[in-house]
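> got a structure for you, letters missing:
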């Protein structure tokens, strides 16, 4: 049975506490680059999430962290992540300053951001920034410009549906950004207590599979090998690292660059947590003058 939230073209958008239904506003990170990102945490300001290492990073450190966004392959589809719906009671307890739906959606976005066979389009924050600029509201210090976006061709939404018996299913749908029509959908079984990063990677795998179903996924050799397994696999990422990612995301939402950097750096020190490295590089690009439409 298809969950009611996946019937029709209404995107799933994370809101404070729960998901609501409304119309959403419209790297390759190589192993070497990931290693450089993690090593950069040894500089000034690279201590705890707000404790002893509270000093600011130097401009040279920020430049080292701002790895260029990967160049999309010819024909790579432009995809925006419109949301991820979780059960009323998520299967894990995480200390998070942002709604868990938003956190998982951003894990998915970071998983796509590092790739060359997909061009991730920032939609949520870009749309808010465009509206602010149109209304004439001045940007607060440190707030990135909206910039220019080529726009998404597809939007991807997902829902986590408990089945009982220790199982759940992830349903992912791919829709035309122009018409809202569903063009492909994927479903896979996962454990009811699947870990957050493993679940986010399963969503990424389903998005890639859906793009392949419609003939829009160019061939690409992932430098991280089996980073995105075709079916769910535990990620092995510690809960503390996931919580640091969520704290960093909360700071990035407010454009608080230094605390976002520290938390992303600490999260990226967890072996294999490439999503944190991709998010950290994006933060550094934005802080260094990048725009939401291009970073």
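Perfect, I can see it now. These numbers were taken from a predicted model, which means no experiment stands behind them.
> which regions of the stretch 151-295 of the chain sit below the pLDDT cut-off?
The model of the stretch 151-295 of the chain has no residue with pLDDT under 70.
> where along it do the strands fall?
Listed in chain order, the strands of the stretch 151-295 of the chain (DSSP state E, counting those that start in this stretch) span residues 154-164, 167-176, 182-191.
> quick one, the longest one and strand 182-191 angle?
So that's strand 154-164. 30 degrees (axes from the mean of the first three to the mean of the last three Cα atoms, to 10 degrees).
> Could I get the buried residue list for strand 154-164?
154, 155, 156, 157, 158, 159, 160, 161 (16 or more other Cβ atoms under 10 Å). Yep, even glycine has a C-beta here, placed from its N, CA and C like the rest.
> do the same with stretch 83-92
83, 84, 85, 86, 91.
> The fourth one contacts residue 96, doesn't it?
In this case it means residue 86. No: in terms of Cβ atoms under 8 Å, residue 86 does not count as a neighbour of residue 96; the distance is 11.7 Å.
> Which residues are in contact with residue 234?
By Cβ atoms under 8 Å, 6 or more residues apart in numbering, the residues touching residue 234 are 194, 195, 198.
> Enumerate every residue touching the second one.
Under the criterion of Cβ under 8 Å, 6+ apart, the contact list for residue 195 reads 92, 234, 235, 237.
> Leaving out sequence neighbours, find the closest residue to the last one.
Of all residues beyond its chain neighbours, the one nearest residue 237 is residue 197 (4.3 Å), with distances taken as Cβ to Cβ, 6 or more residues apart in numbering.
> I'd guessed that neighbour sits against residue 242; true?
Yes: with contact defined as Cβ under 8 Å, residue 197 counts as touching residue 242 (6.3 Å).
> hmm, back to that, let's see which of the buried residues of stretch 83-92 end up in strands.
Judged by DSSP state E, strands contain the following of the buried residues of stretch 83-92: 83, 84, 85.
> which of these has the weakest pLDDT?
By pLDDT, residue 83 ranks lowest within those, coming in at 91.
> Verify the stated contact: it with residue 101.
Yes: here residue 83 lies in contact with residue 101, judged by Cβ under 8 Å, at a distance of 6.7 Å.
> for the chain, which helix is longest?
helix 196-213 (DSSP state H).
> That one: how far from the chain's middle?
Centroid separation between helix 196-213 and its chain, computed with Cα atoms, centre = their mean, to the nearest Å, is 12 Å.
> Also stretch 225-245?
Its chain's C-alpha centre and that of stretch 225-245 lie 13 Å apart, by Cα atoms, centre = their mean.
> what do you get for stretch 75-85?
Taking mean C-alpha positions (Cα atoms, centre = their mean), stretch 75-85 and its chain are 10 Å apart.
> Also stretch 223-238?
15 Å.
> ok, now stretch 150-169?
In terms of Cα atoms, centre = their mean, the centre of stretch 150-169 is set 14 Å apart from its chain centre.
> End to end on that stretch, go ahead and measure it.
33 Å (Cα to Cα, to the nearest Å).
> ok, now stretch 278-294?
Taking Cα to Cα, the first and last residues of stretch 278-294 lie 14 Å apart.
> what does that stretch rub up against?
Applying Cβ under 8 Å, 6+ apart, the set of residues contacting stretch 278-294 is 27, 29, 33, 37, 62-63, 65-69, 106, 110-111, 113-114, 122, 125-126, 129, 142, 144-149, 245, 248-249, 252, 255, 257, 260-261, 264-265, 268, 295.
> closest one to residue 79 among the strands of the stretch 151-295 of the chain?
strand 154-164 (4.9 Å; Cβ to Cβ).
> Run me through the strand neighbours of that closest one, direction for each.
Partners of strand 154-164 in the sheet, by DSSP bridges, are strand 78-85 (parallel), strand 167-176 (antiparallel).
> and the angle for the first one with helix 196-213?
In this case it means strand 78-85. Interaxial angle, strand 78-85 versus helix 196-213 (the same axes, to 10 degrees): 130 degrees.
> what do you get for the longest one?
Using the same axes, to 10 degrees, one finds that strand 167-176 and helix 196-213 are set 40 degrees apart in direction.
> The nearest residue to residue 263 once chain neighbours are set aside: neighbour count?
Spatial nearest neighbour of residue 263, chain neighbours left out: residue 248 (3.5 Å); criterion: Cβ to Cβ, 6+ apart. By other Cβ atoms under 10 Å, the residues close to residue 248 number 28.
> measure residue 248 to residue 216 for me?
31 Å (Cβ to Cβ, to the nearest Å).
> Could you do residue 187 as well?
Separation of residue 187 from residue 216 (Cβ to Cβ): 19 Å.
> neighbour count winner among those two?
residue 216 (20 against 15).
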